[in-house]
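J.: for reference, the sequence and a predicted model appear below.
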Amino acid sequence: MTRADFFEKPQRHTKAKMEIVSSYFAAWARIMSVKGEVLTYLDLFSGRGEFIDGTPATPLRIMGTIGSIDGLERGIRLVFYEKKRTYYSVLKEVVRKHPIYSRLRFEPGLHNREISPHMYSELPFNDCTFCFIDPYGNKGITLGLLNAVIR
């Protein structure tokens, strides 16, 4: 399967992955939001945001989860990176059309950039960051990146 085929419609393993990520995110956000700090959701390889068949991909599923947790839209910062311009254009459009978008306190950061070692120190990590790294079809996972995320 090529990366282009990947976004036609989600395969069973992709649906399972998205369910795991969004469920874990929901549990994490409920626990961390009681600290009263701003949470950050950081997706380093965001893709299109939705599949060509209209199925929400991880970025939109996370946004939907935010809408299901009382008050979270006021205390979370979303940051999405996608290097492929065509995917980034769709991502930007679907994120801005999502119903939770207008309720977010912080405008989502949408970046058309490839994750590279020289930018690790620029990534918006804080003490309450949930970082999703799924580089399907991309290079970019390095020990340096993993160390930056863990710190």
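T.: Structure's in. What do you need?

J.: now do stretch 116-126, average pLDDT.
T.: With pLDDT averaged residue by residue, stretch 116-126 scores 69.

J.: just give the number of residues close to the nearest residue to residue 76 once chain neighbours are set aside.
T.: On the basis of CB to CB, 6 or more residues apart in numbering, the spatially nearest residue to residue 76 that is not a chain neighbour turns out to be residue 39, at 4.6 Å. To be clear about C-beta, it is placed using only N, CA and C from the backbone, and glycine gets the same treatment. Counted by other CB atoms under 10 Å, the residues lying close to residue 39 total 21.

J.: quick check: residue 39 touching residue 106?
T.: No: taking CB atoms under 8 Å as the contact criterion, residue 39 and residue 106 are not neighbours in contact, 10.2 Å apart.

J.: which residues are common contacts for the two?
T.: Common neighbours of residue 39 and residue 106 (criterion: CB atoms under 8 Å, 6 or more residues apart in numbering): 76-77.

J.: list the residues that contact the spatially most central residue of the chain.
T.: Closest to where the C-alpha atoms of the chain average out (CA atoms, centre = their mean) is residue 43, at 3.4 Å. Contacts for residue 43 were tallied using CB under 8 Å, 6+ apart; they are 58-59, 62, 78-81, 131-132.
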